[in-house]
Structure formats: structure tokens, C-alpha cells
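In: any chance you could fold what I've pasted below:
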Amino acid sequence: MPARAQAQGPPQMASPSAPPPSSSWVILGSIARISTPADGGGASVALTAPPRVSILTVTPRVFPDPPTPHFFPFVLAADPSGLLLLQANLHCTPTREVIDLPGENGFTWKYYTSRYLVLDVTTGSAFHLPDPQTAILHQALLGLVVSPGGGGHYMVAELQPFIGTNTATLLCFSTEVGEWVEKRVHYPLEPRPRPWAAICVLSQHGKLWWVDLSWGVITCDPFADEPVLGFIPFPPERVLKCREGWRVIDKYRCVGVSAGKLRFVDTYARGGGARKIAVWTLADPDSTEWTLEHEARFTEIWAHRSYKATGLPKKIPTLALIHPKNPNVVYFFLEEHLFGVDVRARKVVECEVYGLVAPPSNRIASRFVRAWELPRSLSSGNWSNGINLAEESYARPYKPSPGDYHLVGLTKLLSIG
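Out: From the prediction side, this is the model:
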């Protein structure tokens, strides 16, 4: 399938003889392919420069079952060190499990089993995290952060808040300790009767940042002996009501790191008025307020000759991510294309056909791609013009069913996006 236009020219095919471009970062597809890598390792990445999508491949040892829209290997976090946190959700015979948690006793039915792995793409290795004694509740609450002490160490941690209490559990696995440890923390959002609607976890400045796209972010240093949770709400006019935007909010919002700062990108529309892109910034890790950096109407972008050159329709696109080095540039999905917009200049700067393993375009959202800054050992490696999975995936018949490509976990005690 031919590529659409780059920023200012008519649509062109890339020259077959042109060397593939490289980049210090990639757009990584969150859902991995399952195949045996050529080098025999547990994981490998086919690198292609943005705005095309780089694809992670994992071995059947990592994910032994055929993937389906309900069960698939999913990247939860991508760290500049070359580490990836992966969840492998595998189908299992339904089993009855007892719930014995603070403020909640009972049982639930379990329809899947989860494996959590840390992949080192620089070496191709895959480390299967041991199962903790206290179950991991939900993939959207689990993050990875590299140890500030170095030495190749890292921590995987899950925040486990419970409705109706002012405490939470920080469930931590550190390679320096070698086992899961539970840390009790004060939960800053109770007694407000609103659950946390998790969508992802980011790492920045040695901290983890839990994101609720309807409300704000919770942050802490998980390496501290007594971690302290901090809550930074979105600007008041951007805070949504509980369950507003349920299951669609990550089509219109995302939080990411760009130029070393946390950024909140919002295209969600409430009521009438022109649809806009707004980019907000958290000035430093100790800030408690967001600053509006850029704002532009979609009509202004559609009117620019760079957008007209893409041949794309004047439709509200699905938000993908923010450029990790240039906070002026935000990426969007539209039809089979992924394009970058310089919000300040109100113009398109990149546009290409994208290829994802999954989901199909009618299920796409920002959680299905990760902005991944590469370690030098990877960025200086082999690059391609892209694994074009787009034609293959769009040609595949797809019949939607409830629960396809949703976030998964125990939602009895939590509100999960």
C-alpha cells in the first residue's frame, strides 16, 4: 500500500534504493507478534523510523497460545534502557477464586492466567517475574522503573488502591531484592467516593506515574522505604465526571513524556464548539499544576496545505501519542495512516501508512502504541522501511465481540478504563 504524503509534497512512494531512515526513538506497537526470532532469543524488535510502527516479536515460549482479540501479548511499559514490561494473558478453564482484601471479601471467576515478563531487547532475553503472594490486580496499574543506583537493576510495581479506604498497597518486585515486597501507603484520594480509572503507568525522574485520563496522575518513588503518593489533578476544566468517556477516553487523550517533562494531550470534546488539540505540561516532578503550552483547532490544521497534501479526509482523528523529544508534535491515527502534527505551526510534518499486529483500525486507541526512546546499542542497529502489516491486518475478517482488546484485571474493587 503506497504511503501518503510527507509534510509539504504530493503522495510519493519511497525509493526502493534509498537506505531506510533511522531514529533515536520509535513508535512501538503494544501488541507483539508471536514467532521465533531469527537470532533464537526470547524477543526482538523490527525497527522502523516514525511515523511507521516498530513491531516487537516474542517467541512461543513467552506466549504459547494462538493470540485472539481477548488473549494476546501486550507491552505495558517501554524504558530507554531497552527493557520492556510485557503481560501475556493466556486463556484458562474458568476457576472460582476467593477474594480476601482490605474491605472486601468474597469470590470471583477467573477466565485467564497472566504472565508478566521483563524483556531486555538489547540481549533478546526474557525474564518471567515470579508470581507474588498477593495477586496482581490489573495490567493498567503495573509499571517499570530503572533503579537510580544503576547496575542494570529495576523495579516493577503495582499500585493497589481499594474503594472506601485511605490506604493502598504498593506491590513491588526489585531485582536488587529478588522477591515481591508489599509497602503500605497513604492513599490521597479517599474518602472521595470516586474510584481510580487506570489506563497506564509511566516512569520519569526515578518515579512511577499512574494515569487516569479522566482525572489526573498519582506519583511516588517506589524505591523509598516509605513511599508517599502525590496526586496531580488535571486542570479543573479538563477533569471529567466519574465514568465520563468510559472505554473511549484514550482515543482522545494521552499522557506521555516529552523533552524530559510530563505532557497531557487532550482532544476530548464536551458540549459544542470547535474541536481542538491542547497540550499541557507539568513543569517539573514537584509541580502540582499543569501549564497550557499549545492549542489549535482541527479546522486550522485541515486548512493547511500540508494536510491537504496527505489526501486524508477532514475527520476528527484518533489520538496516538506525543513526540518524546519535541512537545510541539502530536501523532494521530486516521484510516490506515499515522500522521504527526506540529500543533504550534498547525501543520502536518509526517504521514505514513502504519502497520500494527492488532487491533483493527475501528478499535485503535492511544494505548496500542508506545513512544520508546532507544538505547544507543539499538538505535545504531539495523533499520528497515517498515514491516507493513497494514494490508494483511485490514484484509483479515474481523467480527467484533464484547471485551475485544480491552484492558484486563480484577475490576471488582477498582474502576478501570
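In: okay, CA-based contacts and neighbour counts for the rest of this
Out: Fine.
In: just the strands in the stretch 301-417 of the chain please.
Out: For the stretch 301-417 of the chain, the strands defined by DSSP state E, counting those that start in this stretch occupy 318-322, 329-334, 337-342, 347-353, 369-373, 415-416.
In: and those as a markdown table, adding mean neighbour count?
Out: Formatted as a markdown table, these follow (neighbours: other Cα atoms under 10 Å):
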| stretch | mean neighbour count |
| --- | --- |
| strand 318-322 | 26 |
| strand 329-334 | 23 |
| strand 337-342 | 24 |
| strand 347-353 | 24 |
| strand 369-373 | 23 |
| strand 415-416 | 20 |
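In: least reliable of those strands going by mean pLDDT?
Out: Across the strands of the stretch 301-417 of the chain, strand 415-416 has the smallest mean pLDDT, namely a mean of 39.
In: ok, residue 271 to residue 296 distance?
Out: 17 Å (Cα to Cα, to the nearest Å).
In: so the two - more neighbours on which side?
Out: For residue 271 and residue 296, the more surrounded residue by other Cα atoms under 10 Å is residue 296, and the numbers stand at 19 against 6.
In: what about that one, which helix or strand?
Out: Mapping residue 296 onto the secondary structure by DSSP states H and E places it in strand 290-297.
In: again with residue 225
Out: In this structure, residue 225 sits in neither a helix nor a strand according to DSSP H and E.
In: burial measure for it, as a count.
Out: The burial count assigned to residue 225 is 8, neighbours taken as other Cα under 10 Å.
In: do you know the pLDDT at it?
Out: 94.
In: closest one to residue 123 among the strands of the stretch 301-417 of the chain?
Out: Counting by Cα to Cα, residue 123 lies closest to strand 369-373 out of the strands of the stretch 301-417 of the chain; the figure is 16.7 Å.
In: what pairs with the longest strand along the chain, and is each one parallel or antiparallel?
Out: Residue-count comparison of every strand in the chain, with assignments taken from DSSP state E, identifies strand 83-101 as the longest. Looking at strand 83-101 with DSSP bridges, its partner strands are strand 73-78 (antiparallel), strand 104-120 (antiparallel).
In: rewinding a little: how about the strands of the stretch 301-417 of the chain in TSV, adding distance to residue 221?
Out: Formatted as TSV, the entries for those read as follows, by distance: least, Cα to Cα, whole Å:
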stretch	distance to residue 221
strand 318-322	24
strand 329-334	28
strand 337-342	33
strand 347-353	36
strand 369-373	22
strand 415-416	23
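In: nearest to residue 45, of the ones you listed?
Out: Between residue 45 and those, the tightest spacing by Cα to Cα is seen for strand 369-373, at 11.7 Å.
In: that closest one: how far from the chain's middle?
Out: For strand 369-373, the distance between its averaged C-alpha position and the chain's averaged C-alpha position is 8 Å (Cα atoms, centre = their mean, to the nearest Å).
In: helices or strands next to it in the packing?
Out: Counting contacts by 3 or more Cα pairs under 8 Å, 6 or more residues apart in numbering; DSSP states H and E, the secondary-structure elements packed against strand 369-373 are strand 25-29, strand 73-78, strand 318-322.
In: of all the ones you listed, which one is nearest residue 280?
Out: When the helices and strands packed on strand 369-373 are ranked by proximity to residue 280, the top entry is strand 318-322, at 11.2 Å, counting by Cα to Cα.
In: now the angle from that closest one to strand 369-373?
Out: 10 degrees (axes from the mean of the first three to the mean of the last three Cα atoms, to 10 degrees).
In: starting at the chain centroid, how far to strand 318-322?
Out: With Cα atoms, centre = their mean as the basis, the distance from the averaged C-alpha position of strand 318-322 to the chain average is 10 Å.
In: kindly report the same for stretch 74-81.
Out: Averaged C-alpha coordinates place stretch 74-81 at 8 Å from its chain's average position (Cα atoms, centre = their mean).
In: list the buried residues of that stretch.
Out: When burial is assessed from 16 or more other Cα atoms under 10 Å, stretch 74-81 yields the following buried residues: 74, 75, 76, 77, 78, 79, 81.
In: just checking, what packs against the strand holding residue 296?
Out: Under the contact rule (3+ Cα pairs under 8 Å, 6+ apart), strand 290-297 is packed against strand 276-282.
In: so residue 207 bridges to which residues?
Out: Beta-bridge partners recorded for residue 207 (DSSP bridges): residue 204.
In: wait, doesn't it sit right on residue 219?
Out: Yes - in this structure residue 207 lies within contact range of residue 219 using Cα atoms under 8 Å: 6.7 Å.
In: on that earlier part again, among the helices and strands packed on strand 369-373, which is nearest residue 59?
Out: Proximity to residue 59, assessed across the helices and strands packed on strand 369-373 by Cα to Cα, is greatest for strand 73-78 (10.6 Å).
In: mean confidence (pLDDT) on that closest one, please.
Out: The model assigns strand 73-78 a mean pLDDT of 97.
In: with stretch 375-389 instead?
Out: Regarding stretch 375-389, the rounded mean pLDDT is 73.
In: let me see the residues that make contact with it.
Out: The contact list for stretch 375-389, computed with Cα atoms under 8 Å, 6 or more residues apart in numbering, reads 20-25, 46-49, 52-55, 80-82, 122, 354-357.
In: redo that, cut-off 6 Å
Out: Counting contacts by Cα atoms under 6 Å, 6 or more residues apart in numbering, the residues outside stretch 375-389 that touch it are 20, 24, 47, 48, 80, 81, 82, 355, 356.
In: list the contacts for the first one?
Out: Contacts were defined as Cα under 6 Å, 6+ apart; by that measure residue 20 touches 384, 385.
In: please report how far it lies from residue 181.
Out: Residue 20 sits 45 Å away from residue 181, going by Cα to Cα.
In: before we move on, what about the second one?
Out: Using Cα to Cα, we find residue 24 at a distance of 35 Å from residue 181.
In: please apply the same query to the fourth one.
Out: Between residue 48 and residue 181 the computed distance is 38 Å (Cα to Cα).
In: which residue of those two possesses the greater neighbour count?
Out: Neighbour comparison, residue 48 and residue 181: the larger count goes to residue 48, with 24 against 16 (by other Cα under 10 Å).
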